[in-house]
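Trainee: Predicted structure and sequence below. I'll ask about it afterward.
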Amino acid sequence: MARTTKRGKSSARTVRSKSATRGRKGAAKVKSGRKQAASRKAKPAKRPKTAASKPKATKRMPAKAKASKAKRARPKPQPKPRAKAKAARTRSRTVTKRTKTRAPNKRPKATQPQSLVARLEAQALEVQTGRDWSETLFLPRTDFPMKAGLPEREPELLNRWERLGLYELLRASAKGREQFVLHDGPPYANANIHMGTGLNKILKDVVVRSQQMMGKDANYVPGWDCHGLPIEWKVEEENYRAKGKTKPDLSDSEAMLAFRAECRAYAQHWLNVQREEFKRLGGVGDWSHPYTTMSFDAEATIAQELMKFAMNGLL
């Protein structure tokens, strides 16, 4: 009996709920019907379509254009929160860098002034003005001029060395020491000195002076080559071809001796010119007694050595 009563109660409840839902639906339908009627009354009457009121025919848009338009119309994707935070960090870094570069360099203040004037001012001392500061330099007093003036001074020095006999004094002071002899390869006595001959003599003078200062008896005797084709060629060029003369016939003994005398005089002239030019370079040597290949003593020695070769059968 208990079971039947329970079932009866549940069936009654379901019947009531169904009837309630049906009532609600009906009320909703009534409301929607009223709304539709009100909207119909509010709508204006449609005008009759005429030829003038017809809309113009529009061209169809291609598919590609539609797709591009749709892409443009799409809203831009909003950045994720992580990306937003990263962008904010980069912005802050750039701002800090700019501020660092634009900020002026702040140097630490010096505790003590560096310059002498600043120290004097800091100590409240009066700075001396109108004073000859060269008197405060404790340098040795000499007669050396401030300007070198080498073009004027060098000839004076060379003349002084010649008056003193510097070469003879050096030989006397080094007498008995170990000898150092530089065998000078002589230049041709046929023109003025040039860069090659000048450099040659300067380097030799450096070697001789250094050996003398090292405690040796460094004797230097300059020399000149006065024989050979270079001198004969110059004599022919200047004394004959330039003047339109014919060269003498050297098969004639008298003409040959005259031509040799011309070559000797020509070589002696340029020897004297070159000697003065070499001395002007400042070289120290026995300029008064040079050796020359055209001196009679040198020619006799050359002939003697040549005869030794002939007697030994070497010619």
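Mentor: Everything's here; your move.

Trainee: and the helix or strand where residue 163 lies, what does it pack onto?
Mentor: If you go by DSSP states H and E, residue 163 is part of helix 150-164. Applying 3 or more CB pairs under 8 Å, 6 or more residues apart in numbering; DSSP states H and E, we find helix 150-164 packed against helix 253-280. Where C-beta positions appear, they are placed from N, C-alpha and C, glycine not excepted.

Trainee: Contacts for the helix holding residue 163 next, please.
Mentor: In this structure, residues lying in contact with helix 150-164 by CB atoms under 8 Å, 6 or more residues apart in numbering are 279-280, 282, 284.

Trainee: Please identify the buried residues of it?
Mentor: By neighbour count with 16 or more other CB atoms under 10 Å, helix 150-164 contains the buried residues residue 158.

Trainee: Rounded mean pLDDT for that helix, please.
Mentor: Per-residue pLDDT values over helix 150-164 give a mean of 91.

Trainee: Output it in CSV with nothing but the alpha carbons.
Mentor: What follows is helix 150-164, C-alpha atoms only, in CSV (Å, rounded to 0.1, in the frame of the first residue of the first chain):
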residue,chain,number,x,y,z
LEU,A,150,125.5,76.4,-40.8
PRO,A,151,126.2,77.9,-44.3
GLU,A,152,128.3,80.6,-42.6
ARG,A,153,129.6,78.6,-39.7
GLU,A,154,130.8,75.5,-41.6
PRO,A,155,133.5,77.3,-43.7
GLU,A,156,134.7,79.0,-40.5
LEU,A,157,135.1,75.6,-38.8
LEU,A,158,136.9,74.2,-41.8
ASN,A,159,139.3,77.1,-42.0
ARG,A,160,140.0,76.8,-38.2
TRP,A,161,140.9,73.1,-38.6
GLU,A,162,143.2,73.9,-41.5
ARG,A,163,145.0,76.7,-39.4
LEU,A,164,145.4,74.4,-36.5
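
Trainee: helix or strand right after that helix?
Mentor: Sequence order places helix 166-173 as the next helix or strand after helix 150-164, per DSSP H and E.

Trainee: Looks to me like residue 224 is in a strand.
Mentor: Yes: Residue 224 sits within a strand when classified using DSSP: H, G, I helix; E, B strand; the rest coil.

Trainee: my guess is it meets residue 287, correct?
Mentor: No: contact criterion CB atoms under 8 Å: residue 224 and residue 287 do not qualify, at 11.5 Å.

Trainee: ok, which stretches of this protein are helices?
Mentor: 2-42, 63-73, 81-102, 116-122, 150-164, 166-173, 195-213, 229-236, 253-280, 296-311 (DSSP state H).

Trainee: what's the least confident stretch among these?
Mentor: Of all the helices of the chain, helix 2-42 carries the lowest average pLDDT, namely a mean of 59.

Trainee: Please report how far residue 280 lies from residue 224.
Mentor: Residue 280 sits 17 Å away from residue 224, going by CB to CB, to the nearest Å.

Trainee: Among the two, which residue is more densely surrounded?
Mentor: Counted by other CB atoms under 10 Å, residue 280 and residue 224 do not tie: residue 224 has more neighbours, with 22 against 13.

Trainee: Just list whatever residues bridge to the more buried one.
Mentor: Bridge pairing for residue 224 (DSSP bridges) gives the partners residue 292.

Trainee: Pull the contacting residues for it.
Mentor: Taking CB under 8 Å, 6+ apart, we find residue 224 in contact with 186-189, 267, 271, 274, 290-293.

Trainee: could those be laid out in JSON lines, adding neighbour count and distance to residue 213?
Mentor: Listed next are those as JSON lines, based on neighbours: other CB atoms under 10 Å; distance: CB to CB, whole Å:
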{"residue": "186", "neighbour count": "16", "distance to residue 213": "26"}
{"residue": "187", "neighbour count": "22", "distance to residue 213": "26"}
{"residue": "188", "neighbour count": "19", "distance to residue 213": "32"}
{"residue": "189", "neighbour count": "26", "distance to residue 213": "31"}
{"residue": "267", "neighbour count": "25", "distance to residue 213": "35"}
{"residue": "271", "neighbour count": "22", "distance to residue 213": "30"}
{"residue": "274", "neighbour count": "21", "distance to residue 213": "27"}
{"residue": "290", "neighbour count": "17", "distance to residue 213": "24"}
{"residue": "291", "neighbour count": "14", "distance to residue 213": "25"}
{"residue": "292", "neighbour count": "20", "distance to residue 213": "29"}
{"residue": "293", "neighbour count": "16", "distance to residue 213": "31"}
